[in-house]
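Peer 1: heads up, no residue letters with this:
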């Protein structure tokens, strides 16, 4: 029987075989290490030739065998896709660069596929491409780089648009530029830019996929929805920009202030160089305060501060040198003329924060801080400094929860502990480790951990497990035993020390390696095991009781594990798992009930109700409900504030009380306590004080039982008609629990923080702003490439600010990071691109440049800073509309920006995947704009110990000296000097020394956390992650805000509106708090009020 293509029964089998054979051919090409050329893909397919595809009798399927399995859905999709590809027997000739013109009748340029995602990686799911799309990695006509082994493999994430290739050079310099090679594989190793053509491709990060086939279909959007969304975004952008732009008068005021402080800086530096350095002819004009950041780049908003870089190129010791006295001299000069000035030394580079008109209290505190430094005393407490608009400012690298070690002398005097061997005994060093009667276990652990660091101890972690030596383990184990010895509960201490894992002398365990974290977990778990042994109530049924007993038995067995010291980290995980199992036992939970510090009463009550229900009881008082009575007693015992607890205890003595009534009394007394604290701090105006005092007495008065039997009105605080005016005033004042005295201390605020308003001009003086100036110049050139760039950036900065995700010191991203995110989208994602890649378009440097010119235009601080920096030429070409052929509105570009970062699936307006937050690194300098975290080595958080030199106090000043241990000595133990018992609490002494030929300075040890949850490569400092301040909480907040914005934008095209897109988080929080306070008043006094 002949099998023809017309026979439908065999056609499916035959085409399925062709699909399999084609896949085998592709696999063969890949196994040879090469890529199929475009011409080979466009050659005639023999399988579709009528004669060649006719099956012979021998190839026909055997009817005696079972029929071939029907193709699955993925195979049928692949077959359909292959049939839709028009076969062109001739190879496609390379196309010349030409302007991009959109098809008529469609307002946007996103249907022709000029910038596509390629997919040739063996572990990458295919990027979207149309049937006629020419994959860049299979014959890119515009890539004249080598097919393999180049700096940038031919796997572009975004194929460059063809509309503009930048200013072209002469053939001679073109050849010289291309032949220049990097030294040592680092772009900063030479002042010659990377040897890349304008159209070189960037690495294509592979994305794993286990699917047999991913067709990569593009998600389309209806034209009317797209138009509605872009029009609404366009109107919103115009409205916001009109009110967000900085006024010319504000710029002039800032410039006037800059000129004043520049003269002050010139005077003090000139005097220093002439008197102390002997440079009698030192020119004052060589000292400059140059502005950088958003005011120069064009991206400044009304709230933007001024960033200044202090340059003194003729100073023998540069201002950013570790031992330079210039920062301290300038700080003192600013304080002397009445300004508010504070030198920050714990940032990446020294910075002075300045305000023009400091309040008297702030100025007094600043002067006191300066005096303390001159006396050689420095507070040990962390001072997390802030920056409101950290564009290009190294202060945005202040890390949340960074550890700052104490300062130590460069050459400290001999410690008394070196002369007295008894003080080297660990027991002597640990004698200050005591829990105390009122300190919680968690606070005791934090205190112990800090002391361990001060003593130079190193906690065992996965990151440093290969670096610790035997002495380190012994020191750690002795400290762990001292931690147990310091516990207040004697019974708990004796039980712990009886276990094998905490035995001092166990001959059967030669390896007694432990960690402080593991011992803390063990203490917590043993405390719960003691509760189990002494509890008065049981689980709700026999099954739950047996399961709980099994968990306790497992825990006790684990304490005597014979090989606990072989792998202490694995043992920690076992302890944590067993401890978590104990914590889930309801009959243990009820005896450990305790209100956390600053925990709302409603939250505490909800936790207790959940435990009550898990015990099988209910909140209905009766003589037989023993569990409820026990839970109420433990609830009252766990109330944090003593005065509040006593008042609730008196109320709880009443008969027939439920937990709800007790918690309502708790809420009323707690509210009175919070109002009283605010009164003590003078937070209410004089005319409101009497009303607040009257309401406090009302809350502390007797509660009466409601005649109704509703669940929310069993007991309430009665309100008389005479109290109506008081209640009205209380509602107006708001919830006192949200005010300062009743809130936890903000770890990122301190007494020296400058107010956000009312202090005149504020600015930051940076002593190492060379690269920041180059960054500013680069951003300014990008802002000149197209008139849409500036409003787009300003809109995104405003959005990030009102949504509270632009605070690097709180774990989110700086404004500079959002600028780079927008530029990445405009350069590499928008199709056609809105801005060309200015770093790839850098012209070769002219010969015979002076060192100063090389530092200004080629290399700066050893970094390659070359880019197309001719602002006049950029402006001219932009005015002629030759830099880009993209005609999209700002609304359309904003829509694409939020879609790109909100999801990683295919976008709706052009075939491109969204940003992969987990794998991708934004790299503005790179062709395509994307690297992988694996390529950069940014795959996990790293902790770096930095030792910074700081100028010491002036000679002749009184110094409070505290004995320290030299770096590298056993007492230093790689982290910090030894804290001697006679040290003043909370204070570390500074011991400056004067070495021959060197200035006085001290050293500071700081532990810096480098995070790569979100990765943005700095355009010039390639080893610097602009987003390294983003914590886990921060990246969740940022991504949630992008998803929220994209959801609002999508709904706008379906009848919704964009009103909530720029809703201020603070305003929304205030409304929510007012509603919650109103509900609390209704619960306490009844709904009738």
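Peer 2: Cool, the structure landed. Just so it is clear, the structure is predicted and the values come from calculations on it, not from any experiment.

Peer 1: Would you indicate which residues of the longest helix seen in the chain are buried?
Peer 2: In the chain, taking DSSP state H as the definition, the longest helix is helix 248-276. Buried positions in helix 248-276, judged by neighbour count with 16 or more other CB atoms under 10 Å: 250, 254, 257-258, 261-262, 264-266, 268-270, 272-273. Where you see a C-beta, it was placed from the backbone N, CA and C, and this is true even at glycine.

Peer 1: Beyond it, next helix or strand please.
Peer 2: strand 288-292 (DSSP states H and E).

Peer 1: Which residues outside that following strand are in contact with it?
Peer 2: Strand 288-292 is contacted by residues 255, 258, 261-262, 265, 306-312, 392, 765-766, 769, 772-773, 775-776 when judged by CB atoms under 8 Å, 6 or more residues apart in numbering.

Peer 1: Describe which strands that strand pairs with in its sheet and in which direction.
Peer 2: In the sheet, strand 288-292 lines up against strand 306-311 (antiparallel) (DSSP bridges).

Peer 1: Now do the helices in the stretch 751-900 of the chain.
Peer 2: Using DSSP state H, counting those that start in this stretch, the helices of the stretch 751-900 of the chain run over residues 770-785, 789-802, 815-824, 851-857, 871-879, 890-902.

Peer 1: Equivalent analysis for the stretch 501-650 of the chain, please.
Peer 2: Along the stretch 501-650 of the chain, the stretches classed as helices by DSSP H, counting those that start in this stretch are 516-534, 542-559, 568-583, 586-589, 601-614, 626-637, 642-652.

Peer 1: Please identify which of these is closest to residue 1078.
Peer 2: Closest to residue 1078 of these is helix 601-614 (CB to CB; 13.8 Å).

Peer 1: and the angle from that closest one to helix 642-652?
Peer 2: Between helix 601-614 and helix 642-652, the angle comes out at 50 degrees (axes from the mean of the first three to the mean of the last three CA atoms, to 10 degrees).

Peer 1: TSV for the buried residues of helix 248-276, including distance to residue 691 and pLDDT?
Peer 2: Formatted as TSV, the buried residues of helix 248-276 follow (distance: CB to CB, whole Å; pLDDT from 0 to 100):
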residue	distance to residue 691	pLDDT
250	41	91
254	44	94
257	44	95
258	49	95
261	47	95
262	53	96
264	50	95
265	52	95
266	57	96
268	54	95
269	57	96
270	61	96
272	59	95
273	63	95
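
Peer 1: Leaving aside the residues adjacent along the chain, what's closest to residue 763?
Peer 2: Distance criterion CB to CB, 6 or more residues apart in numbering; nearest residue to residue 763, sequence neighbours excluded, is residue 306 at 3.9 Å.

Peer 1: still on that earlier bit, tell me the most buried of the helices of the stretch 751-900 of the chain?
Peer 2: Highest mean neighbour count among those (mean count of other CB atoms under 10 Å): helix 815-824, with a mean of 26.

Peer 1: any chance of the buried residues of helix 248-276 in JSON lines, plus distance to residue 802?
Peer 2: Shown next, in JSON lines, are the buried residues of helix 248-276 (distance: CB to CB, whole Å):
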{"residue": "250", "distance to residue 802": "20"}
{"residue": "254", "distance to residue 802": "23"}
{"residue": "257", "distance to residue 802": "27"}
{"residue": "258", "distance to residue 802": "29"}
{"residue": "261", "distance to residue 802": "31"}
{"residue": "262", "distance to residue 802": "34"}
{"residue": "264", "distance to residue 802": "36"}
{"residue": "265", "distance to residue 802": "36"}
{"residue": "266", "distance to residue 802": "40"}
{"residue": "268", "distance to residue 802": "40"}
{"residue": "269", "distance to residue 802": "41"}
{"residue": "270", "distance to residue 802": "45"}
{"residue": "272", "distance to residue 802": "44"}
{"residue": "273", "distance to residue 802": "46"}
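
Peer 1: Now flag whichever of the residues you listed is closest to residue 668.
Peer 2: residue 250 (49.3 Å).

Peer 1: surely that closest one meets residue 302?
Peer 2: Yes - with contact defined as CB atoms under 8 Å, residue 250 reaches residue 302; the gap is 7.0 Å.

Peer 1: Next, please give the residue ranges for the helices of the stretch 301-450 of the chain.
Peer 2: 326-336, 360-374, 416-419, 426-429, 441-454.

Peer 1: Could you list every helix and strand that the last one packs against?
Peer 2: Secondary-structure packing of helix 441-454 (3 or more CB pairs under 8 Å, 6 or more residues apart in numbering; DSSP states H and E): strand 403-409, helix 470-485, helix 516-534.

Peer 1: and the longest one, what does it pack onto?
Peer 2: Contacting helix 516-534 under the criterion 3+ CB pairs under 8 Å, 6+ apart are the following elements: helix 441-454, helix 470-485, helix 490-497, helix 542-559, helix 568-583, helix 586-589.

Peer 1: Spit out the contact partners of the residue nearest to residue 524 when sequence neighbours are not counted.
Peer 2: Leaving aside its sequence neighbours, residue 524 sits nearest to residue 579 (CB to CB, 6+ apart; 5.8 Å). Contacts for residue 579 were tallied using CB under 8 Å, 6+ apart; they are 521, 522, 524, 525, 528, 555.

Peer 1: Out of the residues you listed, who's the most crowded?
Peer 2: In terms of neighbour count, residue 522 stands highest of the contacts of residue 579 at 26 neighbours, by other CB atoms under 10 Å.

Peer 1: Provide the backbone phi and psi angles at residue 1018.
Peer 2: Backbone geometry at residue 1018, expressed as degrees, to the nearest 10, gives phi -60, psi 140.

Peer 1: hang on, it packs against residue 1028?
Peer 2: No - with contacts counted by CB under 8 Å, residue 1018 stays clear of residue 1028, the gap being 10.1 Å.

Peer 1: Those two - which one has more neighbours?
Peer 2: The neighbour comparison of residue 1018 against residue 1028 (other CB under 10 Å) goes to residue 1028, with 23 against 19.

Peer 1: correct me, but that one touches residue 1012?
Peer 2: Yes - with contact defined as CB under 8 Å, residue 1028 reaches residue 1012; the gap is 7.1 Å.
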